[in-house]
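[1] Give the three-dimensional model of this entry:
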Amino acid sequence: MESRIAVSEKEIEDFRIAFYDDDRGDGILTVKLLESWCRNIELNLSPSKLQSLCTQFNNKTIDFKKLLELLAKEVQVDTSDELLKISFQAFDEDKSGQLSRNEIRSMLTGLENRPTDREIEELISMMDKDGDGEIDYAEFASFMRQ
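    Down below sits the predicted model:
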């Protein structure tokens with residue numbers, strides 16, 4: 001089982017503000033800022049990886065969302081069957097064996113920094129591989145292991 005590093009919505013928002021906020025940031029992502037943020041979440045990236053991410057972001061090759069996706073791929077997360085089943089069952093409020101749009105929306109709206117309706121729909125679309133409008137355990141586990 002791999003170690004689990006949790007990144008809170010507040011930490012992501014603080015990171016975004018650090019270079020997007022007019023009063024505090026200039027819109028440029030520096031290696032120093034990225035390295036500091038990664039260190040705070042116990043993510044150790046090589047200097048070349050940090051530089052590459054900063055260059056891609058500053059050249060507008062990737063946006064903030066894609067930057068977070070690339071960083072997320074570097075984070076070790078416990079994706080054991082046992083933990084995924086417990087997580088799935090916790091989200092499956094009606095115990096149907098499927099996660100409905102409402103159950104996923106309910107789970108995500110409970111976050112400190114609630115995603116937009118569009119972001120929630122994008123996430124559901126990414127998870128719902130068979131297009132039936134609900135997420136079964138296999139789809140959930142597959143998405144979590146990406």
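[2] CA atoms for contacts and neighbours, from now on please.
    OK.
[3] how about Gln98, what does it touch?
    Asp92, Glu134, Ile135, Asp136, Tyr137 (Cα atoms under 8 Å, 6 or more residues apart in numbering).
[4] Switch the residues you listed over to JSON lines; also include pLDDT, distance to Glu35 and secondary structure.
    Listed next are the contacts of Gln98 as JSON lines, based on pLDDT from 0 to 100; distance: Cα to Cα, whole Å; DSSP: H, G, I helix; E, B strand; the rest coil:
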{"residue": "Asp92", "pLDDT": "89", "distance to Glu35": "37", "secondary structure": "coil"}
{"residue": "Glu134", "pLDDT": "93", "distance to Glu35": "38", "secondary structure": "coil"}
{"residue": "Ile135", "pLDDT": "94", "distance to Glu35": "36", "secondary structure": "strand"}
{"residue": "Asp136", "pLDDT": "95", "distance to Glu35": "37", "secondary structure": "strand"}
{"residue": "Tyr137", "pLDDT": "94", "distance to Glu35": "35", "secondary structure": "helix"}
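[5] Now do stretch 73-89: distance from first to last residue.
    In terms of Cα to Cα, to the nearest Å, the two terminal residues of stretch 73-89 are separated by 24 Å.
[6] for it, the distance to its chain's centre please.
    13 Å (Cα atoms, centre = their mean, to the nearest Å).
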